[in-house]
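In: okay, here's the prediction I keep looking at, along with the sequence it came from:
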Amino acid sequence: MGYEFDWSSIPGALPYLWEGMIITLKITAVAVSVGIVWGTLLALMRMSGFKVLGWLAAGYVNLFRSIPLVMVLLWFFLIIPSVLVSLLDIPRSFDTRLVSAMVAFSLFEAAYYSEIIRAGIRSVARGQMGAANALGMSYAMAMRLVILPQAFRNMVPLLLTQGIILFQDTSLVYVSSLPDFFGVSYRVGSRDGRLVELLLFAGAVYFIISFIASQLVKHIQKRKTA
Amino acid sequence: MNYHWNWDIFLAETPSGSTTYLGWLLSGLEVTIAVSLSAWIIALIVGLFMGVFRTVPNRWLSGIATVYVEVFRNTPLLVQLFIWYFVMPELLPVSIGNAFKSINPFLQQFIAAMLCLALFTGARVCEQVRSGINSLSVGQRYAGLALGFTLPQTYRYAILPMAIRIILPPLTSEFLNIFKNSAVASTIGLLELAAQGRQLVDYTAQAYESFIAVTVLFMAINVVVMVLMHKIEARARVPGNAGGG
């Protein structure tokens, strides 16, 4: 073993790394919330019985699920800045990378969330809709008050697991050199010539957070089935 | 937006003069397919063994497999790739590390990306294999053992042939994922499809044409894999098992 570890550049870089982690968490939080809302709408469109809406939703989901996330990010880093500049009249110097990343992850994740949600809605017994209709509820009311609450309760573990995957995937904003947690780790590592230590450190941090989160999800799942 | 579309750009010669820009994309497509397929083969082998390890009554084997799965599923693909590419050569014995660093850069990138995708996907395949095995009734295992099979023989002749047929559909989606995930290798400079697309943008500034072409090629890979796997699934479906699992 010829390599001598030197971890000394990490303590000084912690504030900078923390700022990166905030960006990572912000992107994750926005993409999870927007993704679930938009994913629910897509799932409802697909199950609505209106053919055109169904096709549109299916096309959207299949498109996003068949291209690599890296390509989706590259697309949005290309398109969003010019859209923002032309629509909102913001100065060209404005840093659009964070907004672009949030939009890209939200729209991308919505495709995956919608499949989880569609399966969740299907898992609710058919009789529930019939019972709600018999009570005089409209389709929309039955969905909102009867079907979706039950569906979401069934889906919680899967939605959270998808959130953990998303948290890890946000590291791909590296392609736009946005300083998220991974981007900062990489920069500090190459600045100090300590890439080995910083990459291992970044891996360990992602591992600890994701591992604890996935154990919590398992715990929730067990309690639900118990 | 006043964007100047120019689809003829693909037929224009590259600055090096040896090929056209379309040639770049096609060579990127080749690299994407080569790295994904080779990684897939390793992932299947690793995943099969680890998946079996997770189900055998041996603490050490199941412990190793559990650690493998947890580590590789709870760290981002990008971090794993950078560790294979930048960290491994430093941590290996000096002679091997130096040997790796002295081979041509393309091969270094290819090997790092292949191992990364293989072990990342292997952890997912492992979980599919485990759930396939667990979905079989324990009676199959007992029946095998009662017939005088050893445990490895029971796996080889009774459990795995069934389990593998059951998990084919979820494996298809992992197979699709490995092609998509291979685009991450563009970050270490491997000239696969996505990287060639970005290079084309740098040289010609025709971003939309280039990205559209790359996106369409990725979708084409998707369609081909789905059609292929659909045929295999149809042939391997367990009779009487609706939907094949």
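Out: Noted; the coordinates are in hand. Residues are numbered from 1 along each chain as shown, chains lettered A, B, ... in the order given.
In: what's the helix or strand for the closest residue in space to residue B:210 that isn't next to it in sequence?
Out: Computed as C-beta to C-beta, 6 or more residues apart in numbering or on different chains, the closest residue to residue B:210 that is not its neighbour in sequence is residue B:200, at 4.3 Å. Where C-beta positions appear, they are placed from N, C-alpha and C, glycine not excepted. Using DSSP states H and E, residue B:200 sits in helix B:193-204.
In: immediately after that helix, which helix or strand?
Out: That would be, after helix B:193-204 and using DSSP H and E, helix B:207-236.
In: could you give the mean pLDDT of the longest helix along chain A?
Out: In chain A, assigned by DSSP state H, the helix with the most residues is helix A:9-47. The average pLDDT within helix A:9-47 is 96.
In: which bits of chain B sit near chain A?
Out: B:1, B:70-71, B:73-80, B:82-83, B:86-87, B:90-91, B:93-94, B:97, B:176, B:179-184, B:186-187, B:194, B:197-198, B:207-208, B:211, B:214-215, B:218-219, B:222 (C-beta under 8 Å from any C-beta of the partner chain).
In: ok, the residue nearest to residue B:134 when sequence neighbours are not counted to residue B:163 distance?
Out: For residue B:134, ignoring the flanking residues on the chain, the nearest one in space by C-beta to C-beta, 6+ apart is residue B:55 at 6.7 Å. As judged by C-beta to C-beta, to the nearest Å, residue B:55 and residue B:163 stand 9 Å apart.
In: same thing with residue A:203?
Out: Distance from residue A:203 to residue B:163, by C-beta to C-beta: 32 Å.
In: what about the two, which has more around it?
Out: Applying other C-beta atoms under 10 Å in any protein chain shown to residue A:203 and residue B:163 shows that residue B:163 carries more neighbours, namely 25 against 21.
In: excluding sequence neighbours, find me the nearest residue to the more buried one.
Out: Residue B:163's closest residue in space is residue B:132 (C-beta to C-beta, 6+ apart), at 3.7 Å.
In: you'd agree the one you found is in a strand?
Out: No. Using DSSP: H, G, I helix; E, B strand; the rest coil, the assignment for residue B:132 is helix, not a strand.
In: for it, what are its contacts?
Out: B:51, B:163-164, B:166-167, B:245 (C-beta atoms under 8 Å, 6 or more residues apart in numbering or on different chains).
In: any residues of chain A in contact with chain B? List them.
Out: A:1-3, A:63, A:66-71, A:74-75, A:78, A:82, A:86, A:164, A:168-169, A:171-172, A:174-175, A:182, A:186, A:195-196, A:199-200, A:202-203, A:206-207, A:210-211, A:214.
In: and residue A:95, what's its pLDDT?
Out: 77.
In: count the residues that sit near residue A:62.
Out: Neighbours of residue A:62 (other C-beta under 10 Å): 12.
In: SS state for it?
Out: From three-state DSSP, the assignment for residue A:62 is helix.
In: distance of it relative to residue B:218?
Out: With C-beta to C-beta as the criterion, residue A:62 and residue B:218 are 13 Å apart.
In: show me how far the longest helix of chain A is from its chain's centre.
Out: Centroid displacement of helix A:9-47 relative to its chain, using C-alpha atoms, centre = their mean, to the nearest Å, is 6 Å.
In: now do stretch A:198-206
Out: 21 Å.
In: how about that stretch, which residues are buried there?
Out: Across stretch A:198-206, burial judged by 16 or more other C-beta atoms under 10 Å in any protein chain shown covers A:198-203, A:205-206.
In: which residues does it contact?
Out: A:7, A:9-10, A:13, A:21, A:167-168, A:171, A:181-182, A:185-186, A:188-189, A:192, B:74-76, B:79-80, B:82-83, B:86-87.
In: inside helices: which ones of those residues?
Out: Reading helices off the contacts of stretch A:198-206 with DSSP H, I get A:9-10, A:13, A:21, A:167-168, A:181-182, A:185-186, A:188-189, A:192, B:79-80, B:82.
In: ok, which pair from those residues is furthest apart?
Out: Largest separation among the ones in helices among the contacts of stretch A:198-206 by C-beta to C-beta: A:167 and A:192, giving 26.2 Å.
In: who's more crowded, the two?
Out: Regarding residue A:167 and residue A:192, a neighbour count based on other C-beta under 10 Å identifies residue A:167 as having more, with 22 against 16.
In: for the helix ranked longest in chain B, name the packing helices and strands.
Out: In chain B, taking DSSP H as the definition, the longest helix is helix B:21-55. On a contact count with 3 or more C-beta pairs under 8 Å, 6 or more residues apart in numbering or on different chains; DSSP states H and E, helix B:21-55 meets helix B:59-73, helix B:105-135, helix B:168-181, helix B:193-204, helix B:207-236.
In: got the angle between the longest one and helix B:168-181?
Out: Put simply, helix B:105-135 runs at 160 degrees to helix B:168-181, going by axes from the mean of the first three to the mean of the last three C-alpha atoms, to 10 degrees.
In: okay, and the helix or strand of chain A with the least pLDDT?
Out: helix A:69-88 (a mean of 86; mean pLDDT, DSSP states H and E).
In: heading C-terminal from that helix, find the next helix or strand.
Out: Next element after helix A:69-88 (DSSP H and E): helix A:97-123.
In: so for the next helix-or-strand element following that following helix, what's the average pLDDT?
Out: Where DSSP H and E defines the elements, the next helix or strand beyond helix A:97-123 is helix A:126-134. For helix A:126-134, mean pLDDT rounds to 91.
In: what comes up buried for helix A:126-134?
Out: So helix A:126-134, judged by 16+ other C-beta under 10 Å, has buried residues A:129, A:132.
In: residues touching it, excluding its own?
Out: A:139, A:141-142, A:145-147, A:150.
In: mind redoing it with 6 Å?
Out: If you take C-beta atoms under 6 Å, 6 or more residues apart in numbering or on different chains as the criterion, helix A:126-134 is touched by A:142, A:146.
In: now do it against helix A:97-123, angle only.
Out: 90 degrees.
In: can you show me the CA trace of helix A:126-134 as CSV?
Out: Taking Å, rounded to 0.1, in the frame of the first residue of the first chain, the C-alpha atoms of helix A:126-134 are listed here in CSV:
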residue,chain,number,x,y,z
ARG,A,126,-62.5,-1.3,-6.6
GLY,A,127,-65.5,-1.5,-4.3
GLN,A,128,-64.3,1.7,-2.6
MET,A,129,-65.1,3.8,-5.7
GLY,A,130,-68.4,2.1,-6.0
ALA,A,131,-69.2,2.6,-2.4
ALA,A,132,-68.3,6.3,-2.6
ASN,A,133,-70.4,6.7,-5.7
ALA,A,134,-73.3,5.0,-4.0
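In: low-confidence ranges, chain B, go.
Out: Chain B contains residues with pLDDT under 70 at B:1, B:240-245.
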